[in-house]
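> sequence? don't have it. structure:
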């Protein structure tokens, strides 16, 4: 059984930065593309960023492009999301998914979800 744990969320002022982490266990971490999604109150879960199994390719939602960076360390079974220049509209619960495919402008999630980590951007 795959176990996923996200961490690194918190309260930050607009313009600030946070780094989220996602540790996955129970499967061969390096064999799958992975991704980050987020869900704001009253909204559907939306795609944020994805990365291929090797880390060679990354994909971003237009709303975060140029501000967020996704990366992975397969040796540590860990996925990261560096978030800079945060805006109030980035406030959401951020989730990691362990099996994500990005194709033709859309991200498809097939793997396990963690419990999420809350990011709040507010002055």
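Alright, I've got the coordinates. Everything quoted here is computed from the prediction, not taken from an experiment.
> Can you name the helix or strand that residue 79 falls in?
Using DSSP states H and E, residue 79 maps to strand 78-83.
> now residue 118
Assigned by DSSP H and E, residue 118 belongs to strand 117-121.
> and the residue nearest to the spatial centre of the chain, what are its bridge partners?
Geometric centre of the chain, nearest residue: residue 36, 2.3 Å, by Cα atoms, centre = their mean. Note on residue 36: beta-bridge partners by DSSP bridges are residue 49, residue 96.
> swap in residue 24?
Beta-bridge pairing of residue 24 under DSSP bridges involves residue 4.
> how many other residues sit next to it?
25 (other Cβ atoms under 10 Å). Any C-beta I mention is one placed from the backbone N, CA and C, and that applies to glycine too.
> From residue 72, how far off is it?
Plainly put, residue 24 is 10 Å away from residue 72 if you go by Cβ to Cβ, to the nearest Å.
> Report the set of residues contacting both of the two.
Common neighbours of residue 24 and residue 72, counting by Cβ atoms under 8 Å, 6 or more residues apart in numbering, are 34, 78-79.
> now those residues in JSON lines, with neighbour count?
Output for the shared contacts of residue 24 and residue 72, formatted as JSON lines (neighbours: other Cβ atoms under 10 Å):
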{"residue": "34", "neighbour count": "26"}
{"residue": "78", "neighbour count": "17"}
{"residue": "79", "neighbour count": "28"}
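> Cheers, nothing more for now.
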